[in-house]
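Asks: missing the sequence, but the structure's below:
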């Protein structure tokens, strides 16, 4: 029997999806499973987008340009310019989700062994994309106690080597929900200029900033045209994860020309999905006002509920729709699996994403969990009751000194 | 300014798409460009598929399972079982086009430096996919004079090293149109078993076999369950290139479990496209009968027209919708570029794919061109006139002894 490659063996499994077989088993046993593990919102996709799909009127479902249709890219450029990016359609490469954009950027900018510095915890699949490209992630620990703010730039600087090629942040952050400030971006800009690094930024959650906070992008900063590559996606913005349309935006022409070769090898993004994504740009502002209000309420409820649970600590983030919380458990992966396999309350359980996979430092995040507040408040309330009951019943529940409490309160 | 990676610099440009800027320029000059460079048929997508898109009735355009929806995979398994593959839905991973399936297979089965033996010319993007995975293609030359039949297995055997991991064929072949016989597959089976190699087969053109010839798959052969990985796509079968749905089929559970990790990292294939692809499975047989008749007529016309042109030689293939022909030119890439930049006949010109990019041997195929017979006969007729005129006018037209003619006739 032929062998699996080491590349294949070492490929990290998705912490967001790897427990899926257990969830499926729970479902087959008749349990209701509340999915807080994945950023799949229950918010309705905008009508303009769905109608565009229903109204397709061509005869041949054809390839588009590898870089995406010119009509979509033009309208998308308008969207970004409205946000102050000062770009043209030529600066955009349409991709199959932000995932593909990130893989292409890694291959375009990093050779095997080259390093990319990322504050951790970070979106788990960055580990996978780096592994696929044989790039090396050098993590800088961000602290739950600071709400996962940007670590001091001196911590990044300590990791600089001749192999360092890029800084990578996700803003607002998945999984922590942290919204980077303008000043934090300026700090990273200095670093990128000093060491001639690419500045990768995943802005899939750009529209989700709460409590009146403003979103900032490195695209707003002068002098970084050759450095910044933005990754984006329609998945979260329009609650259209199944559309698989993202993009790659940069003013660096050489990067874009190189990225296009990767894009051409896979021919083109989906035609219908591009039509839908183009139509989505006409989504009225009222849609975002409504869903931002909705997400704010969900976050408030979730954070509040978690912090009320004995031994749980959860910061209150300003963006995206995730939190990372600390749980009084021996091992969060075991706990998440146990919740699906062994536990039920009133025939319900909760699926969560263990946070260890969102770190690249071995052993980090072992008592942390990412939760996505993507369910309506009623389901969220049921999920929180269920989670609290589960925590109380979990055999691996662990006495611990709360790291959030310097006074060292011991709790069960 | 940060550097482009060597991986990015060395990434081969698509020979199918790299002349696109010249075609665009020609179009802007008001020329009609006949696109024979790309496998984008003008055949209408089946109504059942388009209607499925128009009838989508869900509220949230959501992620699907990473491996594809169970309903699509189940129905797809039926399709393959009708073709004698003896598989289940569990043996299928739905991918974003066959392109993604091939990239995943390369990463799952080959480590950097590992080798894959492919008869050349082969689909150009295999070079790109291998490059992305740092895998090495070891080509075995197939000869135009044999209609690009499978080279003797002894030629493959000469290339076997400890790094050899897979044999890879495309059947029916893109770019040559060659349809592999049952006996040829059996020869390759022996080789795979003898050296414990994976048997990769790209079957995107499975439904396009002409002149009463039968399609055979390594899935029909006993004893290869752990070896065979089939790549497939709805792009050509249903003239739905823009749907970006392919798949990866294997009975090797370990391969599939590993491939799933790669699939999970990019979350899921498109939801609407999967719905369309599932509906496409209800396409009536009459659709295929009609288009196979149409492609047969186009092939006959194309091959006949090409062989009538002075100095052109083109075999008559039995499958897919491509031919590779030899042209009396100094360099086919220069010629193809010249056709777009300098030439016009009656304000028309033709876009073609220079064949050198379909070889991995340096210098091979320099006077060959791939043509796709994807246009209706009227346009094809105009394109052939145009091409004949272009060849006569081309300054790099070259005196040569016809390799198709052992007697060595000299012609202009």
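Replies: Received the coordinates, thanks. Quantities reported herein were computed from a predicted structural model and do not represent experimental measurements. Numbers count the residues shown, from 1 in each chain, chains lettered A, B, ... in the order given.

Asks: going by C-alpha atoms from here, please, whenever you check contacts or count neighbours.
Replies: Fine.

Asks: residue boundaries of the helices in chain A?
Replies: A:6-10, A:20-28, A:47-54, A:70-82, A:97-109, A:125-132, A:153-157, A:182-195, A:253-265, A:271-280, A:285-308, A:332-341, A:377-393 (DSSP state H).

Asks: pull up the residues of the stretch 51-200 of chain A that are close to chain B.
Replies: Neighbours of chain B within the stretch 51-200 of chain A, by Cα under 8 Å from any Cα of the partner chain: A:53-56, A:59-64, A:97, A:99-100, A:107-111, A:125, A:128-129, A:132-133, A:165, A:196-198.

Asks: for PyMOL, what selects the buried ones among those residues?
Replies: Only the buried entries of those go into this PyMOL selection, using 16 or more other Cα atoms under 10 Å in any protein chain shown:
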select buried, chain A and resi 53+54+56+60+61+62+63+64+97+99+100+107+108+109+110+111+125+128+129+132+133+165+196+197+198
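
Asks: quick revisit: so which of the helices of chain A is the most surrounded?
Replies: Each of these was scored by mean neighbour count; the highest is helix A:97-109, a mean of 25, by mean count of other Cα atoms under 10 Å in any protein chain shown.

Asks: buried residues of stretch A:325-334, list them for me.
Replies: Residues of stretch A:325-334 classed as buried by neighbour count (16+ other Cα under 10 Å): A:325-333.

Asks: start and end of it, how far apart?
Replies: End-to-end distance of stretch A:325-334: 16 Å, with Cα to Cα, to the nearest Å as the criterion.

Asks: distance between that stretch and the chain's centre?
Replies: Its chain's average C-alpha position is 21 Å from that of stretch A:325-334, according to Cα atoms, centre = their mean, to the nearest Å.

Asks: swap in stretch A:201-218?
Replies: On the basis of Cα atoms, centre = their mean, stretch A:201-218 sits 12 Å off its chain's mean C-alpha point.

Asks: can you give me the end-to-end span of that stretch?
Replies: Distance between the boundary residues of stretch A:201-218 (Cα to Cα) amounts to 8 Å.

Asks: who in the stretch 251-400 of chain A is up against chain B?
Replies: Within the stretch 251-400 of chain A, the positions lying close to chain B (Cα under 8 Å from any Cα) are A:254-255, A:258-259, A:261-262, A:264-266, A:268-273.

Asks: contacting residues for residue A:287?
Replies: residue A:46 (Cα atoms under 8 Å, 6 or more residues apart in numbering or on different chains).

Asks: okay, it and residue B:211: tell me how far apart.
Replies: 57 Å.

Asks: quick one: the spatially closest residue to residue A:140 that is not a sequence neighbour from residue A:209, how far?
Replies: Spatially, and ignoring its direct neighbours in sequence, residue A:140 is nearest to residue A:119 (4.5 Å; Cα to Cα, 6 or more residues apart in numbering or on different chains). Going from residue A:119 to residue A:209 by Cα to Cα gives 20 Å.

Asks: where does residue A:57 land on pLDDT?
Replies: Note on residue A:57: pLDDT of 93.

Asks: near it, how many other residues are there?
Replies: Neighbour count of residue A:57, defined by other Cα atoms under 10 Å in any protein chain shown: 11.

Asks: just checking, residue A:123 touches residue A:358?
Replies: Yes - judged on Cα atoms under 8 Å, residue A:123 makes contact with residue A:358 at a distance of 5.7 Å.

Asks: so between these two, which is more surrounded?
Replies: Higher neighbour count among residue A:123 and residue A:358: residue A:358, with 28 against 21, using other Cα under 10 Å.

Asks: contacting residues for the nearest residue to the more buried one once chain neighbours are set aside?
Replies: Closest residue to residue A:358 apart from its sequence neighbours, by Cα to Cα, 6+ apart: residue A:124 at 4.3 Å. Taking Cα under 8 Å, 6+ apart, we find residue A:124 in contact with A:14-16, A:357-359.

Asks: then residue A:119?
Replies: With Cα under 8 Å, 6+ apart, residue A:119 has these contacts: A:139-142, A:150-151, A:168-169.

Asks: any idea how far the spatially most central residue of chain A lies from residue A:383?
Replies: Centroid check for chain A by Cα atoms, centre = their mean gives residue A:174 as the closest residue, at 3.7 Å. In this view, residue A:174 and residue A:383 are 21 Å apart by Cα to Cα.

Asks: quick one on the thing from earlier: show me the contacts for the residue nearest to the centre of chain A.
Replies: The contact partners of residue A:174, taken as Cα under 8 Å, 6+ apart, are A:122-123, A:320-322.

Asks: state the pair within the residues of the stretch 251-400 of chain A next to chain B that is farthest apart.
Replies: A:254 and A:272 (29.2 Å; Cα to Cα).

Asks: domains for chain A, by residue range?
Replies: A:6-44+A:286-411, A:47-280 (automatic domain parsing).

Asks: rank those by pLDDT, which is bottom?
Replies: Lowest mean pLDDT of these: domain A:6-44+A:286-411, a mean of 92.

Asks: residue contacts, the residue in the stretch 151-300 of chain A that chain B sits nearest to?
Replies: Nearest residue of the stretch 151-300 of chain A to chain B: residue A:242, at 4.2 Å (Cα to the nearest Cα). Going by Cα under 8 Å, 6+ apart, residue A:242 touches A:235, B:61-64, B:268-272.

Asks: same check on residue A:180?
Replies: Contacts for residue A:180 (Cα under 8 Å, 6+ apart) come out as A:149-150, A:171-172, A:215-216.

Asks: I'd like the residues you listed written out as a markdown table, with neighbour count added.
Replies: Output for the contacts of residue A:180, formatted as a markdown table (neighbours: other Cα atoms under 10 Å in any protein chain shown):
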| residue | neighbour count |
| --- | --- |
| A:149 | 21 |
| A:150 | 24 |
| A:171 | 25 |
| A:172 | 30 |
| A:215 | 20 |
| A:216 | 21 |
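
Asks: please convert those residues to a markdown table, extending it with distance to residue A:351.
Replies: Formatted as a markdown table, the contacts of residue A:180 follow (distance: Cα to Cα, whole Å):
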| residue | distance to residue A:351 |
| --- | --- |
| A:149 | 27 |
| A:150 | 29 |
| A:171 | 25 |
| A:172 | 23 |
| A:215 | 30 |
| A:216 | 32 |
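
Asks: what about the closest residue to residue A:254 other than its chain neighbours, neighbour count?
Replies: Using Cα to Cα, 6+ apart and skipping the chain neighbours, the partner closest in space to residue A:254 is residue B:4 (7.6 Å). With neighbours defined by other Cα under 10 Å, the count for residue B:4 comes to 19.

Asks: does residue B:4 touch residue A:109 like I think?
Replies: Yes - Residue B:4 lies in contact with residue A:109 (Cα under 8 Å); the separation is 5.0 Å.

Asks: common neighbours of those two, please.
Replies: Common neighbours of residue B:4 and residue A:109 (Cα under 8 Å, 6+ apart) are residue A:255.

Asks: touching, residue A:355 and residue A:362? I think so.
Replies: No - between residue A:355 and residue A:362 no contact is recorded; they are 11.7 Å apart, counting by Cα under 8 Å.

Asks: who's more crowded, those two?
Replies: Neighbour count, other Cα under 10 Å: between residue A:355 and residue A:362, residue A:355 has more, with 27 against 9.

Asks: what sits opposite the residue nearest to that one when sequence neighbours are not counted in the beta ladder?
Replies: Among residues not flanking residue A:355 along the chain, residue A:369 sits closest, at 4.5 Å (Cα to Cα, 6+ apart). Residue A:369 forms beta bridges with residue A:325, residue A:354, as assigned by DSSP bridges.

Asks: would you check how far apart residue A:369 and residue B:21 are?
Replies: Separation of residue A:369 from residue B:21 (Cα to Cα) stands at 49 Å.

Asks: same deal with residue A:391?
Replies: As judged by Cα to Cα, residue A:391 and residue B:21 stand 60 Å apart.
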